[in-house]
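**Student:** next come a sequence and a model predicted from it.
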Amino acid sequence: MLFTSRAYLAAVNALLAEHSLGLTELVPQNPFAAELKSAVISVLRAGSRTPFDEGRWIHIFNHEKRTTQLNIVAMAFNELGHSPLLFGELWRPIKNPFVIRDVEGKLERAARYLQRRHGEVVRLRSSRLALEAWGLADIDREPQLVQPGAEQPSLHFMAELPHPDYNKPLRMFEAGGLTFMYYEHPETIGRITAGIAPPYRYPHMVVVSENARPRLIVRTEQVRPGSLMLCTMDPSSRHSNFGLFSPTSADAFIKRAVEVAANYKQ
């Protein structure tokens with residue numbers, strides 16, 4: 001690290017932030033998108049040497065290149081106390097993302113590092129980040145909700161469902177034409193039938209079904225001890241991360257799961 005350039009550190013930060021954002025649902029319904037916007041504003045304010053004009057800085061951020069935006073987002077994640085979602089990684093210390101040059105030229109080297117260490121292929125997206133009224137947005141990357149009957153569930157999605165012979169729902173109810181089944185620490189179909197261990201522990205899980213067909217998994221994922229993330233998976237295997245969530249009870253988790261499912265149903 002002694003002779004590592006600032007551009008390379010910024011490239012690693014950009015890809016780590018890209019990876020974390022790829023698991024985060026940047027939509028108005030997700031309060032974590034609003035938290036990220038507030039943290040980005042705080043980072044911009046701290047770096048301003050003149051009286052802070054929020055509208056002007058939002059305009060600057062929204063028109064910056066993505067590598068600069070991602071480094072500011074990395075600083076925002078750090079301010080919120082969120083480490084990168086790749087195990088063992090930390091945000092690289094950089095002072096001013098606006099003045100670092102040739103970050104794009106270091107992205108391939110940074111990508112090789114992440115692939116070698118974590119087996120993850122992380123690439124920069126072509127969409128544009130923007131600070132909207134409701135929070136941090138990723139323009140041109142709004143999620144496409146799965147329509148009932150539009151496609152067959154993927155094998156990955158099916159493997160993540162609780163195995164019916166090894167799990168019984170602790171609660172089961174209907175709301176808004178959907179059926180909700182609540183589990184705690186379920187054994188997944190993939191683990192039972194193929195011996196494939198899930199990547200995380202799932203302390204809480206709700207399976208949302210329509211007409212007896214699973215449409216959405218809402219669950220907490222234990223990324224590290226004492227840290228739970230609220231996540232979803234849909235039948236296309238798209239995995240979305242809604243940020244840190246520590247339910248105080250089963251009722252609190254189920255209430256949040258119903259809210260998330262309502263936003264997925266069109």
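**Tutor:** Thanks, I have it.
**Student:** quick one: the closest residue to residue 86 other than its chain neighbours from residue 36, how far?
**Tutor:** Using Cβ to Cβ, 6 or more residues apart in numbering and skipping residues adjacent in sequence, the residue nearest residue 86 is residue 118, 5.1 Å away. Where C-beta positions appear, they are placed from N, C-alpha and C, glycine not excepted. Counting by Cβ to Cβ, to the nearest Å, the gap between residue 118 and residue 36 amounts to 23 Å.
**Student:** one more: residue 191?
**Tutor:** 33 Å.
**Student:** same check on residue 93?
**Tutor:** 20 Å.
**Student:** show me which of these two is the more surrounded one.
**Tutor:** The neighbour comparison of residue 93 against residue 36 (other Cβ atoms under 10 Å) goes to residue 36, with 27 against 10.
**Student:** so the more buried one is in which element?
**Tutor:** Counting by DSSP states H and E, the element that carries residue 36 is helix 31-47.
**Student:** buried residues in that helix?
**Tutor:** Applying a neighbour-count criterion of 16 or more other Cβ atoms under 10 Å, one finds 32-33, 35-37, 39-41, 43-44 buried in helix 31-47.
**Student:** by contact count, what packs against it?
**Tutor:** On a contact count with 3 or more Cβ pairs under 8 Å, 6 or more residues apart in numbering; DSSP states H and E, helix 31-47 meets helix 54-62, helix 66-79, strand 128-131, strand 136-139, strand 239-244.
**Student:** neighbouring contacts of it?
**Tutor:** If you take Cβ atoms under 8 Å, 6 or more residues apart in numbering as the criterion, helix 31-47 is touched by 24-27, 52, 54, 57-58, 60-61, 72-73, 75-77, 79-80, 96, 131-132, 134-137, 242-244.
**Student:** buried among those residues? Need that as a selection in ChimeraX.
**Tutor:** Of those, the buried ones can be selected in ChimeraX as follows, counting by 16+ other Cβ under 10 Å:
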select :24,25,26,27,57,58,61,72,73,75,76,77,79,131,135,136,137,242,243,244
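**Student:** hang on, isn't residue 30 packed against residue 245?
**Tutor:** No. Look at residue 30 against residue 245 with Cβ atoms under 8 Å: they stay out of range, at 10.9 Å.
**Student:** more neighbours: the two, which one.
**Tutor:** Neighbour totals were compared for residue 30 and residue 245, and residue 30 leads with 22 against 18 (other Cβ under 10 Å).
**Student:** so who does the more buried one touch?
**Tutor:** So residue 30 contacts 24, 135, 242-243 (Cβ under 8 Å, 6+ apart).
**Student:** 10 Å instead?
**Tutor:** If a contact means Cβ atoms under 10 Å, 6 or more residues apart in numbering, then residue 30 has 24, 36, 134-136, 230, 240-243, 260, 263 as its contacts.
**Student:** likewise residue 21?
**Tutor:** Contacts for residue 21 (Cβ under 10 Å, 6+ apart) come out as 36, 70, 73-74, 77, 85, 125, 129, 136, 138, 141, 241.
**Student:** please enumerate the helices of this structure.
**Tutor:** Using DSSP state H, the helices of the chain run over 6-22, 31-47, 54-62, 66-79, 107-118, 155-159, 189-194, 250-264.
**Student:** longest strand of this protein?
**Tutor:** For the chain, the longest strand by residue count, based on DSSP state E, is strand 213-224.
**Student:** who's in contact with residue 115?
**Tutor:** 121-122 are the contacts of residue 115 under Cβ under 10 Å, 6+ apart.
**Student:** endpoints of stretch 124-138, how far apart?
**Tutor:** 13 Å (Cα to Cα, to the nearest Å).
**Student:** so how far is that stretch off the chain centroid?
**Tutor:** Remark: stretch 124-138 is offset 14 Å from the chain centroid, using Cα atoms, centre = their mean, to the nearest Å.
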